[in-house]
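>>> no sequence for this one, just the structure:
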């Protein structure tokens, strides 16, 4: 509910979606912020554990990005809530468990020439996480692996077409 409806979600909505009484939700989470905080901690913990298990620093950059995307996609709705609803994740835990491994991967890619270096690494990390969250927030049209492949491709290749289409205008040759 929090991932799909965001700020419009009440504790009553959460209770109804969970199939429990509102009082039960309040027994575990005294207020909406406590629920958001717990979901944020869960997302950071899950993302961190999955990034470690993915061994993104032990493979070539392209494969590392694919594995990182898969790890983030598998976190799912808690990641959406963390990014969209939580006011600020525990910055130290988020930095240590999520941002730092992604930053090392992006920096390695920039050093090797596999990732463009004309854009600051932190921006690229924000774009990568934003792509994952946007796709997770959209209606599901692809299976998990196709979703991972699409996000990875969009991040690494951008939105430009892979091949020039017959209808796209060709650039004029430079004047000599």
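That came in fine, so what should we check first? Only a predicted model underlies this, so the values are computations on that prediction, with no experimental measurement involved.
>>> which residues touch the closest residue to residue 96 other than its chain neighbours?
In space, not counting the residues next to it along the chain, residue 96 is nearest to residue 48; the distance is 7.5 Å by C-beta to C-beta, 6 or more residues apart in numbering. For the C-beta atoms, the positions are set from N, CA and C on the backbone; glycine is no exception. Counting by C-beta atoms under 8 Å, 6 or more residues apart in numbering, residue 48 touches 93, 96-98, 101.
>>> quick one: which of those residues is nearest residue 139?
Nearest to residue 139, judged by C-beta to C-beta, of the contacts of residue 48 is residue 98 at 25.7 Å.
>>> for this protein, what's the longest helix?
If you go by DSSP state H, the chain has its longest helix at helix 32-54.
>>> tell me which residues of it are tucked away?
By neighbour count on 16 or more other C-beta atoms under 10 Å, the buried set for helix 32-54 is 32, 35-37, 39-44, 46-48, 50-51, 54.
>>> which other residues reach stretch 129-141?
3-4, 69, 72-73, 76-77, 79-80, 83-84, 102, 147, 150-151, 154-155.
>>> now, which of these lie within helices?
Among those, DSSP H puts 3-4, 69, 72-73, 77, 79-80, 83-84, 102, 147, 150-151, 154-155 in helices.
>>> Low-confidence bits of this structure, can you list those?
1, 4-6, 86-90, 159-176 (pLDDT under 70).
>>> hmm, 90 instead?
Within the chain, the segments meeting pLDDT under 90 span 1-29, 31-41, 77-78, 80-95, 116-119, 137-142, 157-176.
>>> follow-up on the earlier one: so which of the contacts of residue 48 is surrounded by the most neighbours?
Within the contacts of residue 48, most neighbours by other C-beta atoms under 10 Å means residue 98, with 27 neighbours.
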